[in-house]
Every structure is written in C-alpha cells, then in structure tokens.
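Q: Can you look at this prediction? I've put the sequence above it.
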Amino acid sequence: MKTMKAAKVKKHGEIGENCWSIWLEASEIVDEVNPGQFIHVKLNNGEKLLPRPLSICETDTSSNTLRLVYAVVGKGTEALSQVKTGETLRILGPLGNGFDINQSASKSIIVGGGMGIPPLLELSKNIPGKKEIYLGYSSTPFLLEEFEKQNADIYVSTDDGCFGYKGTVIDLMRYNNAQGDSLYSCGPKPMLKALSGWAEKNKIPAQVSLEERMACGVGACLVCTCKVKKENENDWKHQRVCADGPVFRSQEVVWDE
Amino acid sequence: MNEKKINMPDLSIDLAGIKLKNPIMTASGTFGSGKEYGEYVDLNRLGAVVVKGVSLTPWKGNPTPRVAETYGGMLNAVGLQNPGVDAFMSEDIPFLKKYDTRIIVNVSGKSIEEYCGVAERLAEADIDMLELNISCPNIKEGGITFGTDTKMAALVVKEVKKVSRQPLMVKLSPNVTDITEIAKAVEAEGADAISMINTLLGMAIDAKNKRPILGNVMGGLSGPAIKPVALRMVYQVCRSVKVPVVGMGGIMTGEDAAEFILAGATGVAVGTANFTNPSATVDVLEGLESYMKHQGFSSVGEIQNAMKK
C-alpha cells in the first residue's frame, strides 16, 4: 500500500521576493515523477489540517531529492516557510497526471506565468528538440539561471518592465512571433485562457496545468473541479484537477471565469 | 477491568442485522466509492465503505471554490456532484464487490420522489444498506430541508421504507434545535439505524478581498473542530432511541473512535481525516484495537456500556 512518507528537508530558503525553494529527500518518489505532477505536503504542526498541494519544480535522481518552489500565500505556506533544514515533513505523491510530452515535436513552446513557472523547469529538461521558453513575472525573475542551463531560447517579460519585455508573456509571444508544434503552459487562469485562444488561432495543440483549492489530492472529495467540455456534445462536466489533471488539453477546458 | 489485558479483542459489530467485521466505516463524500483510496487502504480491512451520495440523475455540483480550510477543520460545498444511480450501479458496485467489506449507499434527492426513485433502483443491487441523506447543507432543494423538519424527516423515511429492500440508516443534520426529536421521528417511521452528524453549516470570508471564500457562499464544517458537538449529539440520541447509531465528526484517531462508542455509538465513520492522511481509516482501526487491548475490552459492546456517570 502507498502511504504518506517522511521527507527530510535538505535545503530551504528564499530565492527571490516571496519565492521559496525547498529540497526534500524523497527516495521512493523521485524516480516516479512525471513533469507537471505535484505532491501533498503535510506540516507536522500548525493550525492547518490539510496538506498543501505543491507542484514539483525539479528532481535530482542522483541525490534522491526533489525541489518545490512556492510563494507564501496564506497561513499554510507561511508555516511551511518556517521549516528548517534537517526537519521532517510528511509527503504524498507524486499525484496527478503530468504533461504528455510530444517526443516527435521539432520545436516546442513552453510558457509560464508567476508561480506556474516552477513545474516547467522539470518539463524543460525532459522535452526533446528545439524549445522556446517564455517566462512572465510580475517583477523580479526567479529560477532564470536554472532555465538558462536548458538548451533553449529563453524570453522574459515582467509586468513592471524591471526585467526583459514590459507586458504580459502573451504580448511577448506575439511580439516575438512564437513558433512551435507543441505548447505547454502553467500559470494563472486569465493567462491560460488568453494562451488557449492564441494556440487555437495558431493551430498549435496546447496543454495547460490548472490550479484549484484541493483537499484529498487523490480524486475522492471532488472539491478541486474544473469545467471540461463533453465530447461530441454541447455540454460540459466537472473534472477533478487533482486526479484527471492538473494538466488538460487547452481546447477541452471551459474558460468561463 | 483495567488490569485485564486482552490479546485479540472482537471488533465485529451488528448494525441493524448486518454484521460488520469492525466498527470503522467511511463518511459519505470523503471516500468516493473507494476506488481512489484503493492504493492507500486495504479496503478488506474496513467494516463498511459508505459511498458518496447517489442521486437519480447525474448532478453537476456547485461552482468552485468548494473548499475552505478553517481552524481545526474545513468547509466544503461540493453540492453532491455524482454521475447518477445508473452509472453508480454499473461501475462502482462491481468494484466494491471485489472486496470483503460491507457496502452502504448514501441516497440523495431533491424530492421524496427522487429519494424513492434511488432506493427503488438500488433495491435490485447487491449492497448491504442504504444511508438516507436528509442532511446535506450544500444543495438548494432537498437535503437539509428534510433533515431539519421533524414532519418532513418522518415523511421521507416512511416513503423510502415502502420501496427499499435493504436496511435503512438515516443521516441526521446537526443544524437543528433538538436532534433527539428528529431521531425519534425517523425511528418511529421505521429507520433501522441512524448516522450522525452531517456537517455544521458555516462560512468563511476572505478579509483582504472582502468576499466569501466558497463559490456557494456557505458550506459544511467538518474535522476535529466539530468533534465536541458531534459527541454531545451522539450521546443525546443514543439515550433517546433504540436503533443503533453510527457516530462521526472529527474522528482522527482510535481514541476519538472510542469516545464515540463510549457515548453510545455502535459504529463510527472516518471522514475529513482521510484528506489529511489517506491511510486514516486503517490507522483509526489499529488505534481502536490497541485502545481495546490496553483498556481490557474484549468487544465493542463492552465499550458502549463502559461510560461512567
């Protein structure tokens, strides 16, 4: 039977403005990870009952560790940010379905926005062929050094223009005339919605990783649902971001919010 | 009795004529139909799997966000999303039949006709018991409107009893002035067992954005935060009715389960704890077994009668 496992914190610190990086020892999990999957992280104390679902930023099989990069957005992540190196957390995973990598693509486009950027690092390492990577930040970039190590063309936009192109990551893609035959993305919903429109117009199959408030993480509780179109019907159904996603084909998502 | 050490306590219970290998069940809505937890829990070890609410036709459920975490608990407003009784019967029952555990099906509806329709469809199914959900706080019609009105509760139980073939357990809402009145009313109409408590109606507000957190505005509170309320109500109901009671509300450990049995419950259900740890049901079972060994209880019935004044 699978269980929650103890995971020792190997390295933990702030790598940018409200941007935290934590490396966890997770020997049985690391080998199973597909880019785009997440883990449930349960704190040993603090007021929060539920685990935090956090996407896997990268894995290192030589040291059996995996990395999470997150922002403090509430009391749960605030308590997580206080955890010290050497302490132990409880983790469950890997959970969800990762990206379905098109192995025969001649060129892929990878697009990340804000805290949607971290899972795209492991994805970038695993995508063969040429790559254009577009990263959109509100202000100061993070993880840029790691992305620059990938064999790819990197383009950066910031909302305030303090680094790279001033504007949204989609403005940057248009400006740059982005091209490829597969698109992978993770970021805030308005960005993914706009990107889905761009991909449809340019006839590029796109996969998007969604985010929703979760409880169980394994598909039982039905709280993290999103609207997905039914096949051959003018109707939609709720699907579970945790177990049916978090990665969906952009054209099947109902972008009404 | 505290001196007596028990090596192999008997955990089996009799719930309205159905024998369960132990008193540990799953709380409806927290465990799907068992499939999702099959990788984490040996379902053969559970006394019963109480499945997610089933309605006559597919229900889409409420808009997101459907969950909000609160101190010591969580609010949910899923709204009984489910694929309907036909899909449930063709997909979920065959899955559960592969395991040596009892199947209790949570029956949901918006009208008496719908409750009866589900019970009628399930009459031909190979399941062990029905749990009548008259207490869901997250749907606009039906659900809690039946469970908070003594006459309505009695009426729906009376009608469903006419068409059901399996023993009927009725799940009660804590959102009432006197829960013993509802318990007595459903017992009088033929309820074979009572399960309690469903969630407490609550709300969470995002102060920064000045809006309710849940898409449905209000939702049902569960988790350790509600355990004292649940224990009190189980204690009251067990002293008001003769039918067996399945207690639930914030059970996280074996000792929590023992507290509900001390209050008078025959069985217990684990709900929100599944979300904090997918192996919670089995951990509670092992914890209860260990409690019985240390306390010298040879049967669950002994715990039920052990409470001091």
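A: Yes, it's here. Residues are numbered from 1 along each chain as shown, chains lettered A, B, ... in the order given.

Q: And for B:C238, nearest residue in space, chain neighbours not counted?
A: B:G264 (2.7 Å; Cβ to Cβ, 6 or more residues apart in numbering or on different chains). Using the backbone N, CA and C atoms, a C-beta is placed for each residue, glycine as well.

Q: Quick check, the one you found in contact with B:I303.
A: No. If you go by Cβ atoms under 8 Å, B:G264 and B:I303 don't touch, sitting 9.9 Å apart.

Q: and stretch B:214-229, which residues are buried?
A: Neighbour-count burial for stretch B:214-229, counted by 16 or more other Cβ atoms under 10 Å in any protein chain shown, picks out B:214-216, B:219-227.

Q: Next to chain A, which bits of the stretch 101-250 of chain B? Give me the list.
A: The interface of the stretch 101-250 of chain B toward chain A, taken as Cβ under 8 Å from any Cβ of the partner chain, is made up of B:223-224.

Q: thinking again about what came up before, residues touching the residue nearest to B:C238, list them.
A: Neighbouring residues of B:G264 by Cβ atoms under 8 Å, 6 or more residues apart in numbering or on different chains: B:234-235, B:237-239, B:245, B:247, B:304, B:307.

Q: One more: B:I18?
A: With contact taken as Cβ under 8 Å, 6+ apart, B:I18 is in contact with B:102, B:128-129, B:167.

Q: What of B:I144?
A: Taking Cβ under 8 Å, 6+ apart, one finds B:134-137, B:173, B:175, B:198, B:201 in contact with B:I144.

Q: what about the residue lying closest to it once chain neighbours are set aside, neighbour count?
A: The shortest distance from B:I144 to any non-neighbouring residue, by Cβ to Cβ, 6+ apart, is to B:P137 (4.9 Å). B:P137: 26 surrounding residues under other Cβ atoms under 10 Å in any protein chain shown.

Q: Do I have it right that B:P137 meets B:L201?
A: Yes. The criterion here is Cβ under 8 Å, and B:P137 meets it with B:L201 at 4.7 Å.

Q: overlap in contacts of those two?
A: Common neighbours of B:P137 and B:L201 (Cβ under 8 Å, 6+ apart) are B:144, B:175, B:218-220.

Q: tell me the least confident of those?
A: The member of the shared contacts of B:P137 and B:L201 with the lowest pLDDT is B:I144, and it reads 76.

Q: How much space separates that one from B:A230?
A: Counting by Cβ to Cβ, to the nearest Å, the gap from B:I144 to B:A230 is 16 Å.

Q: Repeat that for A:I29.
A: 35 Å.

Q: Neighbour count: those two, which is higher?
A: B:A230 (25 against 22).

Q: Wasn't that one part of a strand?
A: No. Using DSSP: H, G, I helix; E, B strand; the rest coil, the assignment for B:A230 is helix, not a strand.

Q: For it, which residues are in contact?
A: B:174, B:196-197, B:247-250, B:260.

Q: what packs against the top strand by length along chain A?
A: The longest strand of chain A (DSSP state E) is strand A:5-16. Counting contacts by 3 or more Cβ pairs under 8 Å, 6 or more residues apart in numbering or on different chains; DSSP states H and E, strand A:5-16 packs against strand A:19-25, strand A:88-95.

Q: how about TSV for those strands, with mean neighbour count, mean pLDDT and distance to chain B added?
A: Output for the helices and strands packed on strand A:5-16, formatted as TSV (neighbours: other Cβ atoms under 10 Å in any protein chain shown; pLDDT from 0 to 100; distance: least, Cβ to the nearest Cβ, whole Å):
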stretch	mean neighbour count	mean pLDDT	distance to chain B
strand A:19-25	21	97	18
strand A:88-95	21	96	7
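
Q: With distance to A:I127 added, can I get the ones you listed in TSV?
A: TSV is the format used below for the helices and strands packed on strand A:5-16 (distance: least, Cβ to Cβ, whole Å):
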stretch	distance to A:I127
strand A:19-25	22
strand A:88-95	18
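
Q: For the residue lying closest to B:G202 once chain neighbours are set aside, list each beta-bridge partner.
A: Take B:G202 and drop its neighbours on the chain: the residue closest to it by Cβ to Cβ, 6+ apart is B:L221, 3.9 Å away. Note on B:L221: beta-bridge partners by DSSP bridges are B:L75, B:L200.

Q: is it true that B:M252 touches B:A273?
A: Yes. Judged on Cβ under 8 Å, B:M252 makes contact with B:A273 at a distance of 4.7 Å.

Q: got any residues that touch both of the two?
A: Listed as contacting both B:M252 and B:A273 by Cβ under 8 Å, 6+ apart are B:280, B:284.

Q: tell me the contacts of the residue of the stretch 151-300 of chain B found nearest chain A?
A: Nearest residue of the stretch 151-300 of chain B to chain A (Cβ to the nearest Cβ) works out as B:F275 at 4.4 Å. Residues in contact with B:F275 (Cβ under 8 Å, 6+ apart) are A:49-51, A:215-217, A:221, B:30, B:74.

Q: does it count as helix, strand or coil?
A: Here B:F275 is recorded as helix under three-state DSSP.

Q: how many neighbours does the spatially closest residue to B:I197 that is not a sequence neighbour have?
A: Sequence neighbours aside, B:P174 is the residue nearest to B:I197 in space, at 4.1 Å (criterion: Cβ to Cβ, 6+ apart). Residues lying near B:P174 (other Cβ under 10 Å) number 23.

Q: Can you give me the buried ones in stretch B:296-309?
A: Those buried within stretch B:296-309 under the rule 16+ other Cβ under 10 Å are B:297-298, B:300, B:302-304.

Q: Same check on stretch A:73-91?
A: A:76-77, A:79-81, A:83, A:89-91.

Q: Please list all residues in contact with the residue in the stretch 1-150 of chain A that chain B sits nearest to.
A: Here the stretch 1-150 of chain A gets closest to chain B at one residue, A:K2, 5.0 Å apart by Cβ to the nearest Cβ. Neighbour list for A:K2: A:92, B:39-40, B:278 [criterion: Cβ under 8 Å, 6+ apart].

Q: So which of those is surrounded by the most neighbours?
A: B:P278 leads those on contacts (other Cβ under 10 Å) with 27 neighbours.

Q: That one touches A:V218, doesn't it?
A: Yes. Using Cβ under 8 Å, B:P278 makes contact with A:V218 at a distance of 6.1 Å.

Q: ok, residues contacting stretch A:139-155?
A: Taking Cβ under 8 Å, 6+ apart as the rule, stretch A:139-155 contacts A:15-17, A:19, A:57-58, A:69, A:110, A:117-118, A:121, A:124-125, A:130-135, A:156, A:158-160, A:162-165, A:172-173, A:176.

Q: domains of chain A?
A: Domain segmentation of chain A under automatic domain parsing yields A:5-95, A:107-209, A:212-257.

Q: who has more neighbours, B:M252 and B:A273?
A: B:A273 (24 against 21).

Q: Now do the same contact list for the more buried one.
A: B:A273 neighbours (Cβ under 8 Å, 6+ apart): B:251-252, B:280-281, B:284.

Q: So which of the residues you listed belong to helices?
A: The members of those that map onto helices under DSSP state H are B:280-281, B:284.

Q: So which of the residues you listed wins on neighbours?
A: Busiest of the ones in helices among the contacts of B:A273 [other Cβ under 10 Å] is B:T281, holding 30 neighbours.

Q: pretty sure that residue is touching B:A48, no?
A: No. Using Cβ under 8 Å, B:T281 is not in contact with B:A48; the gap is 10.5 Å.

Q: Overlap in contacts, these two.
A: B:T26.

Q: Reformat the buried residues of stretch B:214-229 as JSON lines; add secondary structure.
A: Output for the buried residues of stretch B:214-229, formatted as JSON lines (three-state DSSP):
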{"residue": "B:L214", "secondary structure": "coil"}
{"residue": "B:G215", "secondary structure": "coil"}
{"residue": "B:N216", "secondary structure": "coil"}
{"residue": "B:G219", "secondary structure": "strand"}
{"residue": "B:G220", "secondary structure": "strand"}
{"residue": "B:L221", "secondary structure": "strand"}
{"residue": "B:S222", "secondary structure": "strand"}
{"residue": "B:G223", "secondary structure": "coil"}
{"residue": "B:P224", "secondary structure": "helix"}
{"residue": "B:A225", "secondary structure": "helix"}
{"residue": "B:I226", "secondary structure": "helix"}
{"residue": "B:K227", "secondary structure": "helix"}
